[in-house]
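Enquirer: Show me how the following folds:
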Amino acid sequence: MSVVNVAGGTGGGGGSGGGHGGDGYGPQIHVTGDYTHIHGAANTEFQEDITLIQWISPINFFLRHQAISEIRKKNTGDWLLEHLEFLKWKSVTGSILWCTGIPGMGKTVLASKVVDYLAQLQQLEENSKIGVASVYLNYKETELQTEKNLLAAIWGQLTINKDMSQARNLYNSHRSKGTHPGLSEIHQLTSALVATFKAVYIVVDAMDEYQHGEYHPLLRQFLQPHLLLPSQFPVVSLQLQADERDMRSYITAQIDHHQILKEFLYEDMNLREEVINKLIVKANGMFLMVQLQLQLLSNALTVEALEQALDDLPDDLENNCEVNKIGGTYGTALQAAANEGHTETVQHLLKSGAQVDLVAGVYGTALQAAAKRGHIETVKVLLNSGAQVDLVAGPYGTALQAAGYQGHTETVQLLLNSGAQVDLVTGEYGIALQAAAYEGHIGTVQLLLNLGAQVDLVSGHFGTALQAAAYEGHIGTVQLLLNLGAQVDLVSGHFGTALQAAAYEGHIGTVQLLLNSGAQVDLVSGHFGTALQAAAFGGHIETVQLLLNSGAQVDLVAGPYATALQAAAFGGHTETVQLLLNSGAQVDLVTGEYGTTLQAAAYEGHIGTVQLLLNSGAQVDLVSGHFGTALQAAAFGGHIETVQLLINSGAQVDLVAGHYGTALQAAASMGNTETVQLLLNSGAQVDLVAGPYGTALQAAASLGFTETVKLLLNSGAQVDLIAGYYGTALHAAAYEGHTETVQLLINSGAQVDLVTGKYRTPLLAALHSFNSPWRLKTNIYHIISTLLNAGAKKKYPVIYNPVTQNTIWSLLLRPHKGNHILTPDKPLICTMCDLACGMAVSGTTPDHPHLYYDDDKNDADGNNNVD
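Expert: Reported below is the predicted structural model:
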């Protein structure tokens, strides 16, 4: 009998800079007999569900996503969420958004941004009617990331808090046989689960790294949900035939290799015949032409796109306009063929007028595409056809750097023999040597150095080849570079030194080698200041210990987190924090953006780290840093458990300090309603005046957090208390364009004509925000209407829409001719009446409708207003 005993364990630490997460302590599997038995670490239904998920899905993308999200800077990727194509994708069921981009631009980070955004959206839906799943593909994990395992991983993410009965039945059906479910069973399980959602969003990163043959079958598994793919879309390889009589069968066979194309054409036999017949006619007996045409058609992801691609197919390759047509991932047909190493196709395209150095597509030139893939015969053809060997274009800058990055030593040799400059600086990695070192291609590195590459030439993201190799932990390459004269402490690049780069990734062997080679352990440079801080930020406890043993100063102040202790606390690496404290780190050393280690940990809500620091003597109310106190930092982040812990540990709930003045105002400014309630329950004064917004009510109103505003009002906040930048909460909400908040405040008794603050009245506040590009005009119109309906006096200027000539309020309008002058400080000022009027033009505008001041003064045209 075989018993498989599965128990959930502890996940590993998140990877840095998009790297892999750390080693986990589980789940643990023990095989002891003939049948399979699953039990949880604790005898609870929750643990059983977790264990069941681990049995079905061996891949946990939550850890990978967490690691990426933690290193993503605030506001990174906001533009993507506002992009029209993204909004279309979000709203159309079954849609695919394929996001292409050059290597190294940050597609994975953008993918994590989308996942977090969708997860927040999910929280707003009742009963979890929106499903969100992420897939992070990695060519290094090919054996694990099979189609079945990836589909199971998606199921595992969607099934959280869902009914597990079908999964339990599946488990029970395999239990006695000691087997695991197959692809069809996983597909059925996932399909049934997807059907329970109103909408399902799936984000797949690095689809081009899917190694199990064609990735299109995997794609088709996901077509019903919303699918986002931030990857490079590769052209599918096609094989040549040599007989015209076999053309139909060849085309049919090739269609079968393109899963999406196959399904489109088998669902519509008329379209299938149209495609085959058109390809035969256009091929004119040339299989090379069929191959090229199929490459163009295979990019279509919808029937409509396929029909359009079919209409756009060129009649022949002799037309220079067609053969050099730019479009798609690879830019030109020549680059697409070069990327696949189709040498005969490349030759024919060149004979047909293809420009050999036309810059377009993901690799810039055909030569760079062929060099990156190591298609040496294609590279020879392109060079013999006049391709410029050092033409700078594409993500790698030159063909030499592209070949070096992939470790294609023969191609590198060919390019150098053809005149490529070995140290030409361009592209992400600066030079070919750094690109090869980054990937650990030791043979290519040796070749480049033998042929004159400067070992310490400073360029590219990592500064030097040594730093690039150290960052990836390629210890053999590091040793080679050191042996050939690389300066171990040469300061350059993102991490400053090779030691800091290696420490950041926790490559302890590389760190030891660099130290043994004379690296200064406390050399201050680079993003993290010191190697110790870099290692601490990543939670690499063994590397931290090694650096301390090698003489690193535990409290050396440098870098964005000031000290290693603060860096470790910010990352929530409790064990690393404990090690640093044991090594003499000062728990209350005041320095850096967060002031203290306690504030850094509280800001991120790392409750375990906060507890450790308090137990180690950290002063709970030590005032320093951006947030003033740890309580304010935790309240800003909405970390309610951390807030409770700090209060229980004696934090003064109304201590005035930091950017937001009080913890209550910090929580209110972020709409953290539960945290606001906790602080109020703990004695926070609802109307304590402090900080930029004056009161918590104004802070919440300014950001439009209506529920928080409602809570504060119900807790006794004075609706018209004058304080802060805007004067009152109503002024703030009116200026910022929050219609619901304005209505709530008015309903709660706010005075609509109270004169105070920068903009005098709520009506004027709304008017001043009218021309802001960040405000919705419809919101401002609605707010103006609401204020007027609530009794706001008409003597203040109100904007009239000169385009629609329609007002939603009843006021006297008078046309006049105004000279509109655009100036930096007053971009839209009417010189006739000196107020913003929304006319984005310069020069005289005849008959410009405008509302005047309804007071005793004459108008600009000499007439008095009529009441």
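
Enquirer: and the helix or strand residue 63 falls within, what's its mean pLDDT?
Expert: Following DSSP states H and E, one finds residue 63 within helix 61-71. In this model, helix 61-71 carries a mean pLDDT of 81.

Enquirer: how much distance is there from that helix to the middle of the chain?
Expert: With C-alpha atoms, centre = their mean, to the nearest Å as the basis, helix 61-71 stands 11 Å off its chain's centre.

Enquirer: cool, stretch 530-550 as well?
Expert: Relative to its chain's centre, stretch 530-550 lies at 27 Å (C-alpha atoms, centre = their mean).

Enquirer: go on, stretch 736-752?
Expert: Worked out by C-alpha atoms, centre = their mean, stretch 736-752 lies 35 Å from the chain centre.

Enquirer: Which residues does the helix or strand following the helix holding residue 63 contact?
Expert: Once helix 61-71 ends, the next helix or strand along the chain (criterion: DSSP H and E) is helix 78-81. Contacts to helix 78-81, defined as C-beta atoms under 8 Å, 6 or more residues apart in numbering, come from residues 86, 110, 113-114, 117. Quick note: C-beta positions are derived from backbone N, CA and C, even for glycine.

Enquirer: List phi and psi for residue 202.
Expert: phi -120, psi 130 (degrees, to the nearest 10).

Enquirer: ok, now residue 525?
Expert: phi -170, psi 170.

Enquirer: dump the residue contacts of the spatially closest residue to it that is not a sequence neighbour.
Expert: Excluding its sequence neighbours, the residue lying closest to residue 525 (C-beta to C-beta, 6 or more residues apart in numbering) is residue 496, at 2.9 Å. Shown in contact with residue 496 (C-beta under 8 Å, 6+ apart): 463, 523-528.

Enquirer: Which of the contacts of helix 78-81 fall within helices?
Expert: 86, 110, 113-114, 117 (DSSP state H).

Enquirer: Mind putting those into JSON lines with pLDDT, neighbour count and distance to residue 705?
Expert: Shown next, in JSON lines, are the ones in helices among the contacts of helix 78-81 (pLDDT from 0 to 100; neighbours: other C-beta atoms under 10 Å; distance: C-beta to C-beta, whole Å):
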{"residue": "86", "pLDDT": "76", "neighbour count": "17", "distance to residue 705": "25"}
{"residue": "110", "pLDDT": "78", "neighbour count": "23", "distance to residue 705": "27"}
{"residue": "113", "pLDDT": "83", "neighbour count": "23", "distance to residue 705": "22"}
{"residue": "114", "pLDDT": "86", "neighbour count": "24", "distance to residue 705": "24"}
{"residue": "117", "pLDDT": "86", "neighbour count": "19", "distance to residue 705": "18"}
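
Enquirer: Just give me the closest of these to residue 582.
Expert: Taking C-beta to C-beta as the measure, residue 582 lies nearest residue 113 of those, at 37.3 Å.

Enquirer: ok, that closest one touching residue 77?
Expert: Yes - between residue 113 and residue 77 there is a contact under C-beta atoms under 8 Å: 3.5 Å.

Enquirer: hmm, back to that, what is the most widely separated pair among the contacts of residue 496?
Expert: Longest span within the contacts of residue 496, C-beta to C-beta: 463 and 524, 15.4 Å.

Enquirer: does residue 593 really touch residue 560, like I thought?
Expert: Yes - with contact taken as C-beta under 8 Å, residue 593 and residue 560 are classed as touching, separated by 7.0 Å.

Enquirer: Looking at residue 463 and residue 524, which is more packed in?
Expert: For residue 463 and residue 524, the more surrounded residue by other C-beta atoms under 10 Å is residue 463, and the numbers stand at 26 against 18.

Enquirer: How about that one: what's its closest non-neighbour residue?
Expert: residue 493 (2.4 Å).

Enquirer: quick one: contacts for that neighbour?
Expert: 458, 460-464, 467-468, 501, 526.

Enquirer: Provide a ChimeraX selection command restricted to the buried entries of those.
Expert: Selecting only the buried entries of the contacts of residue 493 in ChimeraX, with 16 or more other C-beta atoms under 10 Å as the criterion:
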select :458,460,461,462,463,464,467,468,501,526
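
Enquirer: In helices only, show me the contacts of residue 493.
Expert: Reading helices off the contacts of residue 493 with DSSP H, I get 467-468, 501.

Enquirer: Those into TSV, with extra columns for pLDDT and distance to residue 665?
Expert: Below are those laid out as TSV (pLDDT from 0 to 100; distance: C-beta to C-beta, whole Å):
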residue	pLDDT	distance to residue 665
467	95	44
468	94	46
501	95	41
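
Enquirer: What's the end-to-end length of stretch 453-461?
Expert: Using C-alpha to C-alpha, to the nearest Å, the end-to-end distance of stretch 453-461 comes out at 18 Å.

Enquirer: For it, which outside residues touch it?
Expert: Contacts for stretch 453-461 (C-beta under 8 Å, 6+ apart): 104, 422-423, 425, 427-435, 449, 464-466, 468, 481, 484-487, 490, 492-494.

Enquirer: Excluding covalently adjacent residues, which one is nearest to residue 757?
Expert: Nearest to residue 757 is residue 727, by C-beta to C-beta, 6+ apart, at 2.3 Å.
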